[in-house]
Each structure stands twice: as C-alpha cells, then as structure tokens.
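**Student:** Pasted the sequence and its predicted model underneath.
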Amino acid sequence: MDVKEIREYLPHRYPFLLVDRVVDLKPGESIVAYKNVTVNEPFFNGHFPDHPVMPGVLIIEAMAQAAGILGFKTMDKTPQDGSIYYFVGADNVRFKRPVVPGDRLQLEAKVVSERRGIWKFEVNSSVDGETVSSATILCADRKV
C-alpha cells in the first residue's frame with residue numbers, strides 16, 4: 001500500500017500520519033510497514049534540537065497505526081464507513097535504541113485476539129534489523 005491507500009484506512013493526517021508504506025499485509029494475521037524518519041519532522045525542533053531523537057510515544061503511535069491498518073483491512077472497513085480505532089492500552093512496552101533522522105523505522109504487528117471490538121496486537125519496530133521497541137497494544141473499534 002502506498003500513502004494514498006494508507007490514508008483510506010487511517011484518519012490521521014500530517015503531521016500525525018506515521019506510516020509511509022505497507023510492504024506486507026496478511027488480513028487477520030500480520031502487517032509490515034515503515035516510516036521514513038527525516039530531520040524535517042516537526043517534533044525534532046524540540047526533541048532535542050542538538051541531538052534529535054524520535055519520541056518513544058510516537059514510535060508506539062506508529063506501531064499502533066500499522067496495527068490499525070491491519071484491523072481495518074481484516075474487517076474490510078474504513079473510517080469513511082463510520083468506524084474508528086482508538087488506541088486504548090499498551091503493556092510490556094520496551095525501548096532498545098533511539099530512532100534518529102535518516103532511519104527507516106520498520107513497523108510490524110500481529111493479531112493476538114479480537115473480542116467485542118477490542119483488538120490485541122503484538123507490535124515491534126526495528127531499524128536495519130535491530131530492535132527499537134516492542135509492546136502489546138489494545139485498540140477499540142468504535143462507531144464515530
């Protein structure tokens with residue numbers, strides 16, 4: 001999926017759309033996507049001006065957005081259908097290395113379960129094969 005199709009499955013827009021491309025997607029199972037991190041990202045102006053590091057909460061958000069695409073594609077829904085995913089929880093969050101300008105952040109998510117509109121995903125991110133972060137996240141599918 002290119003960014004045009006990604007925008008059909010995520011309600012996020014600049015500067016908060018954090019998925020640039022989907023390279024593998026198996027509905028009901030898994031997704032592999034990425035975010036190209038550039039020095040022009042608005043958050044680098046303050047985090048940190050002399051040593052730019054992508055904020056951890058945005059790395060988690062990027063993984064959640066990839067999981068959201070997987071959920072929407074699995075249900076064959078889009079936000080235009082009146083459905084939205086809310087990020088409702090994160091457990092076992094771990095960070096292993098910083099993400100800096102020039103990195104290509106790979107985002108992976110796997111469906112663990114779905115019950116009554118609450119989706120559980122195992123997510124992780126990496127740069128050049130080196131783990132950046134991992135977590136278990138929960139997303140709620142709700143009507144808008």
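**Tutor:** The structure has been received and is ready for your questions. Residues are numbered from 1 along each chain as shown.
**Student:** and after the strand or helix carrying Tyr85, which helix or strand comes next?
**Tutor:** Secondary-structure element containing Tyr85, defined by DSSP states H and E: strand 83-95. Next along the chain after strand 83-95, taking DSSP H and E as the criterion, comes strand 104-115.
**Student:** Can you give the contact residues for that next one?
**Tutor:** When contacts are taken as CB atoms under 8 Å, 6 or more residues apart in numbering, the neighbours of strand 104-115 outside the stretch itself are 19, 28-37, 54, 59, 62-63, 65-67, 70-71, 74, 99, 119-128, 132, 136. No exception for glycine: its C-beta is placed from N, CA and C like everyone else's.
**Student:** Sheet partners, orientation included, of the strand holding Tyr85?
**Tutor:** Sheet neighbours of strand 83-95, with direction, are listed as strand 130-143 (antiparallel) (DSSP bridges).
**Student:** Name the residues of the strand it pairs with that are buried.
**Tutor:** Under the neighbour-count criterion of 16 or more other CB atoms under 10 Å, strand 130-143 has 132-135, 137-139, 141 buried.
**Student:** orientation of it relative to strand 104-115 in degrees?
**Tutor:** Using axes from the mean of the first three to the mean of the last three CA atoms, to 10 degrees, the inter-axis angle of strand 130-143 relative to strand 104-115 is 40 degrees.
**Student:** hang on, the earlier thing: which members of the contacts of strand 104-115 occur in helices, if any?
**Tutor:** Secondary structure assignment (DSSP state H) places 59, 62-63, 65-67, 70-71, 74 from the contacts of strand 104-115 within helices.
**Student:** tell me which element the residue of the chain most remote from its centre falls in.
**Tutor:** Relative to the C-alpha centroid of the chain, counting by CA atoms, centre = their mean, Asp50 is the outermost residue, at 26.4 Å. Taking DSSP H and E as the criterion, no element holds Asp50; it sits outside all helices and strands.
**Student:** gap between it and Leu105?
**Tutor:** Between Asp50 and Leu105 the distance is 22 Å, computed by CB to CB, to the nearest Å.
**Student:** Kindly report the same for Gly117.
**Tutor:** Taken as CB to CB, the spacing of Gly117 relative to Leu105 amounts to 28 Å.
**Student:** Of those two, which one has the most company?
**Tutor:** When Gly117 and Leu105 are compared for neighbours, Leu105 comes out ahead with 23 against 15, by other CB atoms under 10 Å.
**Student:** Fine by me, thanks again.
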